[in-house]
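**Q** Have a look; sequence and predicted model below, questions after that.
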Amino acid sequence: MGKFTIPERVIYVCTGSKCSKRGGKELYKNVKAFSKYYGDKNDLEVIQVDCFDRCKYAPVCNIQPDNIWLKEYHEKEVLKVLQIIMQDQPKV
Ligand code: FES
């Protein structure tokens with residue numbers, strides 16, 4: 001059994017049918033790549049969810065613990081937000 005780790009930050013990306021049609025799957029792949037590039041897996045974990053029950057606003061993603069909800073986003077906006085908040089994160 002692997003070690004149970006708690007990441008500093010998590011982005012939940014909806015890859016349900018409505019969000020996927022509007023870029024959710026691509027965002028998921030690109031945020032995964034971003035998190036690898038950024039560094040340690042414990043800094044940013046990327047989790048896909050089936051549906052936030054907010055399909056009307058698809059695509060939707062959520063960043064915790066910042067409680068940032070992005071709706072009807074363009075991928076570049078999400079990556080920009082991540083870049084900004086990850087830079088503000090103090091390194092121990
Ligand atoms: S499919 Fe993404 S919020 Fe429902």
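**A** Received the coordinates, thanks. Numbers count the residues shown, from 1 in each chain.

**Q** Residues of the chain that sit close to the ligand?
**A** Neighbours of the ligand within the chain, by CB under 6 Å from any ligand atom: Cys14, Gly16, Ser17, Lys18, Cys19, Cys51, Phe52, Arg54, Cys55, Ala58, Val60. Heads up, the C-betas are built off the backbone N, CA and C, glycines and all.

**Q** quick one: which of these sit in strands?
**A** In strands, judged by DSSP state E, the following of the residues of the chain next to the ligand are found: Cys14, Val60.

**Q** Now, of the residues of the chain next to the ligand, which are buried?
**A** Cys14, Gly16, Lys18, Cys19, Phe52, Arg54, Ala58, Val60 (16 or more other CB atoms under 10 Å).

**Q** Using a markdown table, please lay out the residues you listed together with distance to Glu72 and pLDDT.
**A** Below are these laid out as a markdown table (distance: CB to CB, whole Å; pLDDT from 0 to 100):
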| residue | distance to Glu72 | pLDDT |
| --- | --- | --- |
| Cys14 | 12 | 98 |
| Gly16 | 15 | 98 |
| Lys18 | 11 | 98 |
| Cys19 | 10 | 98 |
| Phe52 | 13 | 98 |
| Arg54 | 10 | 98 |
| Ala58 | 7 | 98 |
| Val60 | 8 | 98 |
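
**Q** Let's see which of the residues of the chain next to the ligand end up in helices.
**A** Ser17, Lys18, Cys19 (DSSP state H).

**Q** which stretches of this protein have low pLDDT?
**A** For the chain, the stretches with pLDDT under 70 are 41, 89-92.

**Q** Good, wrapping up.
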